[in-house]
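Participant: give me coordinates for this.
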Amino acid sequence: QIQLVESGGDLVQPGGSLRLSCAASGFTLDYFAVAWFRQAPGKEREGVSCISTSDGSASYADSVKGRFTISRDNAKNTVYLQMNNLKPEDTAVYYCATERSSFCVGLYDYWGQGTQVTVSS
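Facilitator: Now for the predicted structure:
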C-alpha cells in the first residue's frame, strides 16, 4: 500500500523549532521530488517548500525562507522539514506530497494525512 505519513507536529512557543518528517511506504521516494504544503484554518493551502531528487535543489516560499530547511534521506525513505524561529503565522496543518517526476513542477500524485503545527505562547 502506497502511503505518506507526516509526523513531528506539535505545540511550540514563538521562536521555537520543530522538525517534520514525511515517511513513505509502499514505494521509494528516490525518484520523486517531494513538496511540503500547509493550510491554516480559513485559508487556502500554501506551498512551503520542495526538494528535487535529480540534484537535491530546494525551493521555499518567501514566508519561510531563511527559517525552514527541507532535506531528504533516501536511505530512510523520508523527507524532512526543519522549521526554526517559528512564528504564530506558521500555525497550520502541514502536508507532504510527491511530485510525478524528479523535479518540482507542481504535479502531485500522493499526499499524506497532515500533521498539526501550532505556534503559540
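Participant: walking through the chain, point out its strands one by one.
Facilitator: 3-7, 11-12, 18-25, 34-39, 46-51, 58-60, 68-73, 78-83, 92-99, 108-111, 115-119 (DSSP state E).
Participant: quick one: strands adjacent to the fourth one?
Facilitator: Next to strand 34-39 in the sheet, as set by DSSP bridges, lie strand 46-51 (antiparallel), strand 92-99 (antiparallel).
Participant: any chance of the strands of the chain in JSON lines, plus mean pLDDT?
Facilitator: Putting the strands of the chain into JSON lines (pLDDT from 0 to 100) gives the following:
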{"stretch": "strand 3-7", "mean pLDDT": "96"}
{"stretch": "strand 11-12", "mean pLDDT": "98"}
{"stretch": "strand 18-25", "mean pLDDT": "97"}
{"stretch": "strand 34-39", "mean pLDDT": "98"}
{"stretch": "strand 46-51", "mean pLDDT": "97"}
{"stretch": "strand 58-60", "mean pLDDT": "97"}
{"stretch": "strand 68-73", "mean pLDDT": "96"}
{"stretch": "strand 78-83", "mean pLDDT": "97"}
{"stretch": "strand 92-99", "mean pLDDT": "97"}
{"stretch": "strand 108-111", "mean pLDDT": "94"}
{"stretch": "strand 115-119", "mean pLDDT": "98"}
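Participant: those into a markdown table, with extra columns for mean neighbour count?
Facilitator: Yep, even glycine has a C-beta here, placed from its N, CA and C like the rest. A markdown table is the format used below for the strands of the chain (neighbours: other C-beta atoms under 10 Å):
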| stretch | mean neighbour count |
| --- | --- |
| strand 3-7 | 17 |
| strand 11-12 | 15 |
| strand 18-25 | 19 |
| strand 34-39 | 23 |
| strand 46-51 | 21 |
| strand 58-60 | 16 |
| strand 68-73 | 18 |
| strand 78-83 | 22 |
| strand 92-99 | 23 |
| strand 108-111 | 16 |
| strand 115-119 | 18 |
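Participant: show me the contacts for the residue nearest the centre of the chain.
Facilitator: Nearest to the mean C-alpha position of the chain, by C-alpha atoms, centre = their mean, lies Trp36 at 2.9 Å. Contacts for Trp36 (C-beta atoms under 8 Å, 6 or more residues apart in numbering) come out as Leu20, Cys22, Gly47, Val48, Ser49, Cys50, Ile70, Val79, Leu81, Tyr94, Tyr95, Cys96.
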